[in-house]
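Asks: okay, sequence plus prediction incoming.
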Amino acid sequence: MRAEVKVHLIGICGTGMGSLAGLLKAAGHDVRGSDEHVYPPMSTQLAEQKIPVFEGFAAANLDWGPDAVVVGNVCRKDHVEVLAAQAPGPGHPIPLESFPSLFGKLFLTDKRVDGAGPRPAESVAGGHGDPARVPDSKKSIVVAGTHGKTTTSSLLAQVLADAGRDPSFLIGGVPLNFRQSWRLGAGAEFVVEGDEYDTAFFDKESKFLHYRPQIALLTSVEFDHADIFRDEEAVQAAFRKFVALLPEDGLLVACAASPGAMEVARGARCQVITYGRPGSGADWTFEVIARALGGRATLAIARRGERVVTVETNLPGIYNYENLIGVIAVASGLGVELPAIARGVRRFLGVRRRQEVRGVARGVTVVDDFAHHPTAIRETILALKGRFGPGKLIAAFEPRSATSRRNVFQTEFADALSVADEVVLAPLYAPQKVPEADRLDVERLAADLRREDVPARLIPTVEATVAHLAERASPGDTVLVMSSGDYGGLHDRLLDALGDPVMPARAEHKIRIGNLLDRVGIAHPVLEQFWPSYLVIPGADAGAPLVGCVAIEVVGEVALLRMLAVAPERRGEGLGYVLVEAATERSRALGVRHLYLVTDGAQGYFGEKLGFAAVDRKEVAPPIAATAEYALARSKNATWMRKEL
């Protein structure tokens, strides 16, 4: 292979394309791309990786002579850059590639034999027509299924990384342990989230057919993507093609709770291992043996009926526990020792937009989730009821995906949402893209829920939705926002309306954290490294200074609370207490057993108000004693304190 392949990506600022661009750049290729919407955070990420971006689409964007042009599945055949690539001339036509096909060819080992499944044309060149190859192509481990694949693939990547396997991954979400959706490691394994959606205008087969699986984890198979699949049988046919790609010496790990997954698994020519809940008869099963404050659960894991390990997790809900067992089965099959798997599971932080707490304001927890299929909606609501407080769960649902805007699940949506305490519905997103006769009737959905004694209403604007939720939500309540999009920014707008929310820091808060710490006289030499560990209270608007912040430095089962700061003009309002309480709850959720802090004169406040107890400096846990904070806290008045969680 040439040391470098020149690749142009149309729509490079999309989440998937941006991830592929990062992978290609990390592998040493010359990557450029174009997009009409170039703005943060993706524009910032691409700039940091020194990937040039053409703003706007034009034929001249290909004048630099790429070896291949990557076309996304939203790109049509009459796109100006598609036409330019196919036009005659020197160095033309330039091969068109889909995201999945290029990714598979450049990064994944192909062990398929003739007749085992579709083999896309090898067109990426070291010179057109000569397949480009990565010398150390990776073992492809594909996580596929209608539900749960993003969280499951993220957890598998975390377990392998924590075990020192240095895996690569490409995932359709952002694992919080890594803070980006891709990684190119030196290890043998490549974890891929396998999507059944179609590939490109010139390739209507499912994306996962390009991923050359040697191991597959199949979470579920149900009807979805009504815009491309006519019925459940068509969905199963796509998954059967995927399973047929597994070599005879491969491995399929399938969820016993999914009839569709088990039906598809029957066609595998490799070993099949099943996983599931107690009593499922699966090879790998679990039993919940303990629950702790903060929502963490301890699971006893059994293999063929024999208990082999216990694991602790912050993931909510039976469906997450099931897929966790699937990850254990795959990792064990790869030779990772069970104690190492348990450690990796324990340290898993979750995924953005999957049961993600966006903030807490006035005692109300606002959670973001990508759920847009009836099964996912029902399971997510059940998993989160009572998790963040004793109050009611209010579900806000925006029908936005191609399937959720159609009436194919009219009755099923009512059944799924009926397990919430209250429901707020948004109008269909872009209804003109769905034939009128096929559209979900949102008014009817609300009426069906009310007939089940579930307060429900369709609210036409985000502004009115914010006002309604701010009035209805009380301390101890959870507002669960479900959409495959952003619901018009409902999460942040609701938190702002409730007032003084505590939320995980984002990249845009980094400079403002430093500014606040400067104002109160706290040095912050490692802010660049630790800003993701902060909780913040933002200002009144997007550009305003922060009101408060606190950091949590987690080291295994202990953590250090540090950098507690409140803007001088807001002191005396109890915001320090709010921040420490939020940090304590966050620590519990992360599995921390003991939370430490060091104070110079405020030990009475932390002891009486917040339950911390003074400890001798020599009693501080070794991981905390190894921190920079410990080394700096040598004042005679410095008091170390600890709280058992």
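Replies: Perfect, thanks for sending it.

Asks: what about the helices in the stretch 251-400 of the chain?
Replies: 259-265, 318-333, 338-346, 374-384 (DSSP state H, counting those that start in this stretch).

Asks: in TSV: these, plus mean neighbour count, distance to Glu629 and mean pLDDT.
Replies: Quick note: C-beta positions are derived from backbone N, CA and C, even for glycine. Output for the helices of the stretch 251-400 of the chain, formatted as TSV (neighbours: other CB atoms under 10 Å; distance: least, CB to CB, whole Å; pLDDT from 0 to 100):
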stretch	mean neighbour count	distance to Glu629	mean pLDDT
helix 259-265	20	48	94
helix 318-333	24	33	95
helix 338-346	19	24	95
helix 374-384	22	34	93
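
Asks: got JSON lines for those helices, with distance to Ala430 too?
Replies: Formatted as JSON lines, the helices of the stretch 251-400 of the chain follow (distance: least, CB to CB, whole Å):
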{"stretch": "helix 259-265", "distance to Ala430": "29"}
{"stretch": "helix 318-333", "distance to Ala430": "29"}
{"stretch": "helix 338-346", "distance to Ala430": "39"}
{"stretch": "helix 374-384", "distance to Ala430": "20"}
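
Asks: compare those helices and report which one is nearest to Ile537.
Replies: Of all these, helix 374-384 sits nearest to Ile537, with 23.6 Å by CB to CB.

Asks: run the chain-centre distance for the closest one.
Replies: 16 Å (CA atoms, centre = their mean, to the nearest Å).

Asks: quick one: that helix to helix 318-333, angle?
Replies: 100 degrees (axes from the mean of the first three to the mean of the last three CA atoms, to 10 degrees).

Asks: which one of the helices of the stretch 251-400 of the chain lies closest to Ser635?
Replies: That would be, of those and by CB to CB, helix 338-346, which comes in at 34.7 Å.

Asks: quick one, which of the helices of the stretch 251-400 of the chain gets closest to Thr109.
Replies: helix 318-333 (16.9 Å).

Asks: I'd say Met262 and Thr274 touch.
Replies: Yes - under the criterion of CB atoms under 8 Å, Met262 makes contact with Thr274 at 7.5 Å.

Asks: need the overlap of contacts for those two.
Replies: Listed as contacting both Met262 and Thr274 by CB atoms under 8 Å, 6 or more residues apart in numbering are Ala254, Cys255, Ala256.

Asks: kindly reformat the residues you listed as JSON lines containing neighbour count.
Replies: Compiled in JSON lines, the shared contacts of Met262 and Thr274 are given as follows (neighbours: other CB atoms under 10 Å):
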{"residue": "Ala254", "neighbour count": "31"}
{"residue": "Cys255", "neighbour count": "30"}
{"residue": "Ala256", "neighbour count": "21"}
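
Asks: Thr584 and Val550, how far apart?
Replies: Applying CB to CB, to the nearest Å, the value for Thr584 to Val550 is 10 Å.

Asks: these two: who's more crowded?
Replies: Val550 (25 against 22; other CB atoms under 10 Å).

Asks: next helix or strand past the host helix or strand of that one?
Replies: Remark: Val550 resides in strand 548-555, with elements defined by DSSP states H and E. Downstream of strand 548-555, the next assigned helix or strand under DSSP H and E is strand 558-566.

Asks: for the next helix or strand after that next one, buried residues please.
Replies: Counting by DSSP H and E, the next helix or strand C-terminal to strand 558-566 is helix 575-589. By 16 or more other CB atoms under 10 Å, the buried positions in helix 575-589 come out as 575-576, 578-580, 582-589.
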